[in-house]
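*Asks:* Below: sequence and its predicted model.
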Amino acid sequence: MGLKGSCLCGGIQYEVMGPLGQAMYCHCQKCRKSNGTAFALNAAIQASDFTLKAGSELLKSHASSEDARRYFCSNCGSPIYSQRSSMPDVLRLRVGTLDDDADLEKVAHIFVGSKANWDEIHDDLPQFAERPV
């Protein structure tokens, strides 16, 4: 049985049938703006493990860079995942949209070099100025 998730209005519903990859707190400006908060907590998943159960007509995307698209609910604005054209088999799931409890391996804070000046990190996870290689 997979993990279920949805957007704020419930119009988009999805299921993830495979494991969640390592989760990272991303503090880049694009994640801050698309989530309306200090960071996004994202976990990599295989695109083939993601199934949209409802709301395909509501799922819209925005090209946030030449390589990345961010997918969101056009009704309530909830961010669902992002996908890079250079890595089409991987989605970066916004774990805040999960409805089920999930065991997450949180491994790092990334793009802390561009985090908001009012944001404070209060854990001992490794911090990287940009995306680690």
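*Replies:* Perfect, thanks for sending it.
*Asks:* From residue 12, how far out is residue 98?
*Replies:* Distance, residue 98 to residue 12, using Cβ to Cβ, to the nearest Å: 13 Å. In short, each C-beta sits where N, CA and C put it, glycine included.
*Asks:* more crowded one of these two?
*Replies:* Neighbour count, other Cβ atoms under 10 Å: between residue 98 and residue 12, residue 12 has more, with 26 against 18.
*Asks:* In space, what's closest to that one - neighbours in sequence excluded?
*Replies:* Sequence neighbours aside, residue 55 is the residue nearest to residue 12 in space, at 3.5 Å (criterion: Cβ to Cβ, 6 or more residues apart in numbering).
*Asks:* right, and that neighbour touches residue 7 too?
*Replies:* Yes. Applying Cβ atoms under 8 Å, one finds residue 55 in contact with residue 7, separated by 7.2 Å.
*Asks:* Those two: which is more packed in?
*Replies:* Comparing residue 55 with residue 7 by neighbour count (other Cβ under 10 Å), the higher total belongs to residue 7, at 24 against 19.
*Asks:* is it fair to say residue 33 lies in a helix?
*Replies:* Yes. Looking at residue 33 with DSSP: H, G, I helix; E, B strand; the rest coil, it is inside a helix.
*Asks:* need the contact list for it.
*Replies:* For residue 33, no residue meets the contact criterion (Cβ atoms under 8 Å, 6 or more residues apart in numbering).
*Asks:* what's the spacing between it and residue 72?
*Replies:* To residue 72, residue 33 is 12 Å away according to Cβ to Cβ.
*Asks:* on that earlier part again, gap between the residue nearest to residue 12 and residue 86?
*Replies:* For residue 55 relative to residue 86 (Cβ to Cβ), the value is 27 Å.
*Asks:* same thing with residue 109?
*Replies:* Per Cβ to Cβ, residue 109 is found 23 Å from residue 86.
*Asks:* Comparing those two, which residue is more hemmed in?
*Replies:* More crowded of residue 109 and residue 86, by other Cβ under 10 Å: residue 109, with 19 against 9.
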